[in-house]
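Trainee: Predicted structure and sequence below. I'll ask about it afterward.
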Amino acid sequence: MAVDEGLKSELQKQGIFVLPFEQLYNWGRKSSIWPLQFGLACCAIEMIASAASRYDLARFGAEVFRATPRQADLMIVAGTVTKKMAPQVVRLYNQMPEPKYCIAMGACAISGGPFKDGYNVLKGIDRYIPVDVHIPGCPPRPEALIHAIMTLQRKIANQHLEKNQRPRWYDKNEASEYPIPSYGGHDLQPPANLEVWQPPRNYRDVTLDEVKKA
Amino acid sequence: MIQPLTDAPRFSLTTGADGLIETQTLEVSIGPQHPSTHGVFRMDCVLDGEEVVALKPVMGYLHRNHEQLAEKMVWLGSMPYTDRLDYFNSMTNNWAYALAVETLAGIKVPERAEYIRVIMSELTRLLNHSCVIGFMLQDLGAWGTPLLYAFRERERILDLFEAVSGSRMMCNYMRFGGVRVDMTESDLAVAKDVVTRFPRFLDEFEKLLTGNEVLLGRTQRVGILPKELAINAGISGPMARASGVEYDVRKVDKYGVYGRFDFRVPVGEIGDVYDRYFIRVLEMRESIKILQQALRDIPQGPRVAPEAKLRNFKIPPGDGYGRIEAPKGELGFYLVSDEGGKLPYRYHVRPPSFVNLTTLEDMCLGHKVADVVIILGSIDIVLGEVDR
Amino acid sequence: MEAIEKIKEIAAQVVPGAKIEIINSTPAAQQPALLVDREHIYAVGKFLKEDPRFQMDFCSCVTGVDYLPKADKPGCIEVVYHLYSTTQKQGPIVLKVRAPRELEQCHVPSLTPLWRSCEFQEREAYDLYGVKFNGHPDLRRILMWDEFTDFPMRKDYTPPADYEWEPTPHDDTLDRAVQEGGIMPPTAREELERAKKK
């Protein structure tokens, strides 16, 4: 149900705002995202720098960095996730109450980064938990982190509450806890959560003829 | 009305042999995600009430097999990875690696490059020590205020690093035989400006902190490290000097051009947390002295050794160890080259934070859990270095 | 500090039966090392620590190195110790000790009772190379998790099959992926199937 724009601006001049309930709900949620204080490696220093006084993150609503996952909305995975640490990351994500979001900050959290060829490095945290925003960079500048928070805010603003367009957390049947991997003899068991992540198709197998046809 | 599960008595107080209530010790795992463990570090503490009876550190949560990666890349290819070791100070890590390779291969560095290296290293020492004090005070409970002051100064120095090397943190600046990019006159002017402003910031910091009752009450006589244990356990850097060990690699090895500068090395007496805090303040003042002398005396000249070549860089077979005084302690690189010599055969980092953690248990015994946090903060660890 | 030949002579006198060799480094490095056999490394280390001429009280760095067997030399795992003196401000004296590569025989005496700084570094050498240190107070894995069974820094280690395969897996990684059933991208699986059908 759309409101006439002219009527809207007339009412605004009188101090009366007309907006869908969903927009109001999302505005409240997006303007007060509290991150979890979860820095793993070098990107954590840029996260602290972006929360410091020069690139103040608090003006975007991230007022306090919560120490406990039970009180946080957002987990910024900043830094390399190693296989030794991966079960704890998934456990922390499970402990966060819905609605929860995850930002993978830095090349290491997205896909292993410069340490990709490593026996202890998890090639991206999105192997086990769903990630909402990825920030490339090594380390990404504080402005990039702010841009990511703004992108997340836009994502939250576009989430609907109606039945068939609901986000994951609004639906009681959807899982909000993800299985925690365990330490195996050579690798984590399982190496990835195939419901959350599929290995990418090798694009080099696409032949030139197929490209020309398309 | 909720019924109790059982009617039997829930607990009983048994008295031990000495007439006191029999208690059990509690095993607590502090970390790896904890606001005060300075990264992903875990401590398994056994507590008797609030007092620490045993403590075992558990590390490896950031083990990124840096040493194995270096065996697959050419000598220069590991230089960006050394930035990510002690990710707080990247310039000193780069210098340690460049020094180790230059020792092994016998490359001579021109004077201007040596002065630039000293300037960058001392600026790194300034920003490391001020941020360590900020983090330590945050562990004490001063919720972020000294840390924000320290980060304000750090941002000024990071602007200079970005202008010179292109990146705030991962500078990748040193090369074998010199530095990558020369410092222009405007860069030197910015450095002079930073050095002129820093003493005033230090005075403000000291006025607020050094005589502070809460700091004194919580850090004096906490976490004492005796001198003999410090030497035997391989402790280096400000932590060892606070315990009375008069050993600074800059004065002993005189690597680079450190032999020309006139600076003192502060040495503590007791070796508690307060000594480790205060020695860092004194070291910052000495760094400012070195910086003033270096900025005054820097000569003109090439920024890299003219005969050092980067393409097809080979090192004859052999092994060597090169070390520097990083802000956290003695950072050393042990490199082995075999026939061929294009790739390292063995590349090992001797990290100061890893070895400094040896005595964590000894320092924490008998103290309360809250003191464990402060003692860990005063050791000044960075997990990128501990786990490599 | 005395020349390395003199140190070798003095040590050979003080510790009878020790087989000490000098291993030279590059001509530029000027850091020759003393290779001592397993039985006498503890006695040589103790002598260097307590003798008033040397007083090597600071063990700075402990490294493990894996040498694969070659045509002329048998393979070994070498442990290298760098010693410095804080009182006399001299150093480094480099000690090396070798052990065979096979896991059952790969053990050396631990120098942790002499220098406590070896405690964590020897644990790391055990974790990454598999060399056991007899006499170490607490020898267990330090960087990898306890259930890990391989020794990753050895030169013949095959990493697990989870590299994201650009290009496709090959050689040892492919064999291991096939055996353990690791994650394979759909195209690699299809290729493997095609190869099997032929």
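Mentor: Sure, I can see it. Source: prediction; values computed, not measured.
Trainee: from here on, contacts and neighbour counts on C-alpha atoms
Mentor: Will do.
Trainee: Give me the local confidence score for the residue lying closest to B:Phe261 once chain neighbours are set aside.
Mentor: In this structure, B:Phe261 finds its nearest non-sequential neighbour in B:Ile290, 6.3 Å apart by Cα to Cα, 6 or more residues apart in numbering or on different chains. Per-residue pLDDT puts B:Ile290 at 93.
Trainee: quick one: B:Ile290 is in a helix?
Mentor: Yes. According to DSSP: H, G, I helix; E, B strand; the rest coil, B:Ile290 belongs to a helix.
Trainee: And the next helix or strand past the lengthiest helix in chain B?
Mentor: In chain B, taking DSSP state H as the definition, the longest helix is helix B:111-140. Moving toward the C-terminus from helix B:111-140, the next helix or strand (DSSP states H and E) is helix B:145-165.
Trainee: Point out the other helices and strands that that following helix packs with.
Mentor: Using 3 or more Cα pairs under 8 Å, 6 or more residues apart in numbering or on different chains; DSSP states H and E, the elements in contact with helix B:145-165 are helix B:111-140, helix B:185-209.
Trainee: Highest mean neighbour count out of those helices?
Mentor: helix B:111-140 (a mean of 23; mean count of other Cα atoms under 10 Å in any protein chain shown).
Trainee: Is chain A within reach of that one?
Mentor: No. Against chain A, helix B:111-140 shows no contacts by Cα under 8 Å from any Cα of the partner chain, the least distance being 10.8 Å.
Trainee: Let me know how buried residue 96 is, in neighbour terms.
Mentor: Reading this off chain A. 21 (other Cα atoms under 10 Å in any protein chain shown).
Trainee: Please refer instead to chain C.
Mentor: Here the count is done by other Cα under 10 Å, and C:Lys96 has 23 residues near it.
Trainee: how near is it to B:His367?
Mentor: 40 Å (Cα to Cα, to the nearest Å).
Trainee: same deal with C:Met1?
Mentor: Computed as Cα to Cα, the C:Met1 to B:His367 distance reads 43 Å.
Trainee: Which one of these two is surrounded by more residues?
Mentor: More neighbours surround B:His367 than the other of C:Met1 and B:His367, with 17 against 13 (other Cα under 10 Å).
Trainee: Does that one touch B:Glu51 like I think?
Mentor: Yes. Using Cα atoms under 8 Å as the test, B:His367 is close enough to B:Glu51 to be in contact (5.5 Å).
Trainee: so what's the closest residue to chain C within the stretch 251-388 of chain B closest to, chain neighbours aside?
Mentor: Nearest residue of the stretch 251-388 of chain B to chain C, counting by Cα to the nearest Cα: B:Gly318, 4.3 Å away. Spatially, and ignoring its direct neighbours in sequence, B:Gly318 is nearest to C:Ser25 (4.3 Å; Cα to Cα, 6+ apart).
Trainee: Need the residues that contact stretch B:332-348.
Mentor: Residues outside stretch B:332-348 that contact it (Cα atoms under 8 Å, 6 or more residues apart in numbering or on different chains): B:67-68, B:70-75, B:96-97, B:100-101, B:104, B:312-324, B:349-351, C:61, C:63, C:65.
Trainee: Narrow the residues you listed to those in helices?
Mentor: Those of the contacts of stretch B:332-348 lying in helices (DSSP H): B:67-68, B:70, B:96-97, B:100-101, B:104.
Trainee: Up against chain B, what does chain C have?
Mentor: So chain C meets chain B at C:24-26, C:28-29, C:31, C:57-61, C:63, C:65, C:86, C:89, C:114-121, C:142-145, C:153 (Cα under 8 Å from any Cα).
Trainee: Restricted to buried residues, select these in ChimeraX.
Mentor: In ChimeraX syntax, the buried subset of the residues of chain C next to chain B is picked out as below (16 or more other Cα atoms under 10 Å in any protein chain shown):
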select /C:24,25,26,29,31,57,58,59,60,61,63,65,86,89,114,115,116,117,118,119,120,121,142,143,144,145,153
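Trainee: What about the residues of chain C next to chain B, which are in strands?
Mentor: In strands, defined here by DSSP state E, the members of these are C:58-61, C:63, C:65.
Trainee: Quick check: the two most widely separated of those residues?
Mentor: Comparing all pairs in those by Cα to Cα, the longest separation belongs to C:Phe58 and C:Val65, at 21.2 Å.
Trainee: where does chain A have low pLDDT?
Mentor: Along chain A, the parts satisfying pLDDT under 70 run over A:1-2, A:199-214.
Trainee: Same check on chain B?
Mentor: Using pLDDT under 70, chain B drops low at B:1, B:10-12, B:16.
Trainee: Close to chain A: what parts of it are there?
Mentor: Counting by Cα under 8 Å from any Cα, the positions of chain B adjacent to chain A are B:32-35, B:39-40, B:60-66, B:69, B:84, B:87-88, B:148, B:151-152, B:155, B:169-170, B:383-384.
Trainee: change it to 6 Å
Mentor: By Cα under 6 Å from any Cα of the partner chain, the residues of chain B that approach chain A are B:35, B:39-40, B:61-62, B:64, B:87, B:148.
Trainee: Report the two of those residues separated the most.
Mentor: Across the residues of chain B next to chain A (Cα to Cα), the longest gap, 29.7 Å, separates B:Arg64 and B:Leu148.
Trainee: between the two, who's got more neighbours?
Mentor: B:Arg64 (28 against 20).
Trainee: mind listing what the more buried one touches?
Mentor: Contact partners of B:Arg64, counting by Cα atoms under 6 Å, 6 or more residues apart in numbering or on different chains, are A:121, B:388.
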